[in-house]
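Novice: have a look; sequence and predicted model below, questions after that.
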Amino acid sequence: MAEIRLEGVTKVYPRGGAAAVDSVSLTVPDGSFTVLVGPSGCGKSTTLRMVAGLEEATDGRIVIDGRTVNDVPPRDRDIAMVFQNYALYPHMTVRQNLGFALRMRRTPRAEIERRVGEVARTLGIEDLLDRRPGQLSGGQRQRVAVGRAIVREPKAFLFDEPLSNLDARLRVSTRAELKALHQRLRTTTLYVTHDQEEAMTLGDQVVVMCRGRVQQAGPPMEIYRHPANRFVAGFVGTPPMNFIAGTLSKPGEYENAHFASDATNLVNERFVFAFSAEQSERLRPYFGEPIVLGIRPQALSLAAEQEPGRDFPDTNQFVLELLVVEPLGDTMDLVCQTASGERIVARVPAADGLIPGATVRLEAQPARLHAFEVGEFGAALL
């Protein structure tokens, strides 16, 4: 096992001159499972390939187990990589594929047989040892690819989107196997995926990247509950967070600070959201400024009808047109629209009687409101 450390690592390709990876500093703790996640083109695979030695860093240091490896060839970095396309030798049996790297290192035959047997038992592929890759399913080929990495007993594993070729059901079961395997081996692992759900379920540490930079790194639930900026908030979580532009006002008509949206409800009134006293104190520097309110779909619920005789909406509530109902079993997603055209998604317990075109009233939980500066990467204010 080994710690992997990146210090200001940058990768600039000659053609175009744009930085694919821009001054990335990151520590993968010894024995951890760290996941790099982000949209296509964010630099996560390039970062992984620089750690592996398959790409040369333009600037910065890459340190593995205390040794700077920028000029060390891939074969001498003592890491093992698992690729998206498995990269198995089609003319070899599973047994031969698993032992290939050990044979190249002139490991004694008895030791090869012992280690191949142990890995096969660990991965449940003992009955596949005499088959060739063409005789295996996608999930079985992926297990063999993982086994070929494990059998080398490297200091670290590098995974480049290893589950993206599997169907949805097999992806779920295989990632559970990967997590259980890591808990047994405790080998330092750096894993790349574009699937934020996969990142959240697998990682001890999740690193969210965009445009070649690290936007936030930390435990998965910390990133979900306390996103550092608007990009992270919108990327992590299913369905994505709802964002509403508006203005933050200081206490006045309401006891604490409140937010008035630019969007309007079905009677052309702006939405009003009241913050708690603690939130208001933290938002004091932004009174009177335009901000963006963030509400996760899970923080919205169906609200009771407004009391008769009230001619203004309750705080923390939407009155919206229901566009689409998406049943998900015990829950359902309600895709709604404001009078001014913005989309709002709520994930609520399943209920009957909701049809497209109906008017719905949604209520937000005040403690779960988020606030951000204006802009794609606007910083979190709470």
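Specialist: The structure has been received and is ready for your questions.
Novice: beta-bridge partners for the residue nearest to Gly38 when sequence neighbours are not counted, please?
Specialist: Setting aside the residues directly before and after it, Gly38 is nearest to Met209 in space (CB to CB, 6 or more residues apart in numbering), at 3.8 Å. C-beta coordinates here come from the backbone N, C-alpha and C atoms, glycine included. Beta-bridge partners for Met209, by DSSP bridges, are Val214.
Novice: can you get me a residue count around Met209?
Specialist: Residues lying near Met209 (other CB atoms under 10 Å) number 27.
Novice: doesn't Val35 make contact with it?
Specialist: No - the pair Met209 and Val35 does not pass the contact test of CB atoms under 8 Å, sitting 10.5 Å apart.
Novice: can you show me the helices along the chain?
Specialist: Taking DSSP state H, the helices of the chain run over residues 44-52, 94-104, 109-123, 138-150, 168-185, 196-202, 220-225, 230-235, 277-283.
Novice: between these, which one is closest to Asp160.
Specialist: For the helices of the chain, the distance to Asp160 is smallest for helix 44-52, at 5.7 Å, taking CB to CB.
Novice: buried residues in stretch 215-228?
Specialist: Gln215, Gln216, Ala217, Pro220, Ile223, Tyr224, Pro227, Ala228 (16 or more other CB atoms under 10 Å).
Novice: dump the helices of the chain into TSV; add distance to Asp352 and mean pLDDT as well.
Specialist: Putting the helices of the chain into TSV (distance: least, CB to CB, whole Å; pLDDT from 0 to 100) gives the following:
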stretch	distance to Asp352	mean pLDDT
helix 44-52	43	96
helix 94-104	52	92
helix 109-123	46	90
helix 138-150	38	87
helix 168-185	28	85
helix 196-202	28	94
helix 220-225	31	97
helix 230-235	31	98
helix 277-283	36	91
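Novice: can I get the ones you listed in CSV including distance to Gly375?
Specialist: Shown next, in CSV, are the helices of the chain (distance: least, CB to CB, whole Å):
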stretch, distance to Gly375
helix 44-52, 23
helix 94-104, 48
helix 109-123, 46
helix 138-150, 40
helix 168-185, 34
helix 196-202, 21
helix 220-225, 19
helix 230-235, 7
helix 277-283, 17
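Novice: which one of those lies nearest to Val72?
Specialist: Per CB to CB, nearest to Val72 of the helices of the chain: helix 44-52, 11.0 Å.
Novice: from the contact counts, what lies against the closest one?
Specialist: strand 4-12, strand 19-28, strand 33-37, strand 59-64, strand 79-82, strand 156-160, strand 188-193 (3 or more CB pairs under 8 Å, 6 or more residues apart in numbering; DSSP states H and E).
Novice: distance from that helix to the middle of the chain?
Specialist: Put simply, helix 44-52 sits 17 Å off its chain's centre (CA atoms, centre = their mean, to the nearest Å).
Novice: so which of the helices and strands packed on helix 44-52 comes closest to Val232?
Specialist: Closest to Val232 of the helices and strands packed on helix 44-52 is strand 33-37 (CB to CB; 10.1 Å).
Novice: and the contacts of the closest one?
Specialist: Applying CB atoms under 8 Å, 6 or more residues apart in numbering, the contact partners of strand 33-37 are 26, 28, 44, 47-48, 179, 182, 189-196, 198-199, 202-209, 235.
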